[in-house]
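Enquirer: What would the 3D arrangement of this be:
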Amino acid sequence: MTAADPSSRLSWSTPPAALVTCGIGAIVLAAATFLANDGPGRLLIGLAALGLLCLTGVGLRQRPRLAVEPGNPVHIVVRGLTGPQRYTPQQILRVRVVNYRRLGRRMPMLEMDVDHLGEERLIIFGRWDLGAHPEDVLEVLRIHLAR
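Expert: Numbering: from 1, shown residues only. Okay, here's the model as predicted:
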């Protein structure tokens, strides 16, 4: 496997450049909040700054969003706001890519059905979450789950 081979990658998360851009945008909007002359404008700009700051924080907290831990057995780690959840291949019920319509385009999303503490749970990852095309991630997951 070469470095350019997508199957050599074992963890996926929002690209750091995107999170830095969101953070810088939050700072710029926070500064613009104090420069606005009208009350409703200040409120809206302040809410936008807060939203970008929250998006940056969530993106940093969930890094890496999805990972494969090699071993016997292999574990799929899904990181959320409350921390990482580990799933064995037996707990992964189904993994597939589904195309959803968003903003007039078809957007691929990686769907994972998992058995979480006896209950079936659906986890959906988009390109923002993975920093890669969902088809590439699906290919790697199938390779590691088949072992």
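Enquirer: Using the three-state scheme, assign residue 97.
Expert: Here residue 97 is strand, with the state taken from DSSP: H, G, I helix; E, B strand; the rest coil.
Enquirer: show me what contacts it?
Expert: Counting by CB atoms under 8 Å, 6 or more residues apart in numbering, residue 97 makes contact with 108, 109, 110, 111, 134, 135, 138. Where C-beta positions appear, they are placed from N, C-alpha and C, glycine not excepted.
Enquirer: Among the residues you listed, which one sits closest to residue 32?
Expert: Distance to residue 32 across the contacts of residue 97 (CB to CB) is lowest for residue 109, with 33.3 Å.
Enquirer: Can you tell me how far the closest one is from residue 92?
Expert: Separation of residue 109 from residue 92 (CB to CB, to the nearest Å): 16 Å.
Enquirer: Can you list the helices and strands that the one helix or strand residue 106 maps to packs against?
Expert: Using DSSP states H and E, residue 106 falls within strand 105-116. For strand 105-116, the elements it packs on are strand 75-80, strand 83-87, strand 92-102, strand 119-125, helix 127-130, helix 134-145, judged by 3 or more CB pairs under 8 Å, 6 or more residues apart in numbering; DSSP states H and E.
Enquirer: re the thing from before, output the contacts of residue 97 in JSON lines; the columns should cover pLDDT, distance to residue 87 and neighbour count.
Expert: JSON lines is the format used below for the contacts of residue 97 (pLDDT from 0 to 100; distance: CB to CB, whole Å; neighbours: other CB atoms under 10 Å):
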{"residue": "108", "pLDDT": "95", "distance to residue 87": "21", "neighbour count": "16"}
{"residue": "109", "pLDDT": "96", "distance to residue 87": "18", "neighbour count": "17"}
{"residue": "110", "pLDDT": "96", "distance to residue 87": "14", "neighbour count": "25"}
{"residue": "111", "pLDDT": "96", "distance to residue 87": "14", "neighbour count": "16"}
{"residue": "134", "pLDDT": "95", "distance to residue 87": "18", "neighbour count": "23"}
{"residue": "135", "pLDDT": "95", "distance to residue 87": "21", "neighbour count": "11"}
{"residue": "138", "pLDDT": "95", "distance to residue 87": "15", "neighbour count": "18"}
